[in-house]
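[1] Sequence first, then the predicted structure:
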Amino acid sequence: QVQLIESGGGLVQAGGSQRLSCAASDTFSIYYMAWFRQAPGKEREFVGAMRWSLGITYYGDSVKGRFTISKHTETTMYLQMNSLKPEDTAVYYCAASPNWGTSVISTTDYPYWGQGTQVTVSS
C-alpha cells in the first residue's frame, strides 16, 4: 500500500503561479505518478503524469504549456502551475500506479490516491 499526501493548494489570482507537492510513502514499485483534478459538478480530469523511473511526462490538453510535472526526490513529485485561469479551480489529486501497462489518463488505472488539495483561482 502506498500513501500519498498532497500539499500546496490555496487561493491564487488569475495569471499567477502555484506549486503543488505530492509526497509518497514509497515509490519502489511505482511506474506512474499522476495529477488529476476535479471541479464541482464535473468528472475527475487528467492533468498530467510521469513515468517515474524514466522521467517521461504526459499532459492533458487543457494544461499543456502551462503546467509542469517534475521529480523533486525519489518520493516527491511537484506540479508547477503557471498562467493560472479561473477554470483551473478544482481539487487536485495525486495518484500512483504500480502497473507498467497503465493508461495514464484513466482514473481507474490508479489504485493509490491522495486526499486532494484545493486550488482556487480568482478572476
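    Nice, thanks for sending it over.
[2] Is the residue nearest in space to the middle of the chain inside a helix or a strand, and which specific one?
    Nearest to the mean C-alpha position of the chain, by Cα atoms, centre = their mean, lies W35 at 1.9 Å. Using DSSP states H and E, W35 falls within strand 32-38.
[3] Next SSE downstream of that strand?
    strand 45-51.
[4] who touches that following strand?
    Applying Cβ atoms under 8 Å, 6 or more residues apart in numbering, the contact partners of strand 45-51 are 31-39, 56-60, 62-63, 67, 69-71, 77, 79, 90, 92, 104-107. Quick note: C-beta positions are derived from backbone N, CA and C, even for glycine.
[5] 6 Å instead, please
    Residues outside strand 45-51 that contact it (Cβ atoms under 6 Å, 6 or more residues apart in numbering): 32-37, 57-60, 63, 69, 104-105.
[6] do you know how far the nearest residue to N82 once chain neighbours are set aside is from G48?
    With Cβ to Cβ, 6 or more residues apart in numbering as the criterion, N82 has its nearest non-adjacent residue at 4.8 Å, and that residue is S17. According to Cβ to Cβ, to the nearest Å, S17 and G48 sit 16 Å apart.
[7] ok so, going back, next, count neighbours for the residue nearest to N82.
    Residues lying near S17 (other Cβ atoms under 10 Å) number 12.
[8] follow-up on the earlier one: average pLDDT for the strand holding W35?
    Strand 32-38 shows a mean pLDDT of 98.
[9] Check which helices and strands that strand sits against.
    Counting contacts by 3 or more Cβ pairs under 6 Å, 6 or more residues apart in numbering; DSSP states H and E, strand 32-38 packs against strand 45-51, strand 90-97.
[10] Great, nothing more from me.
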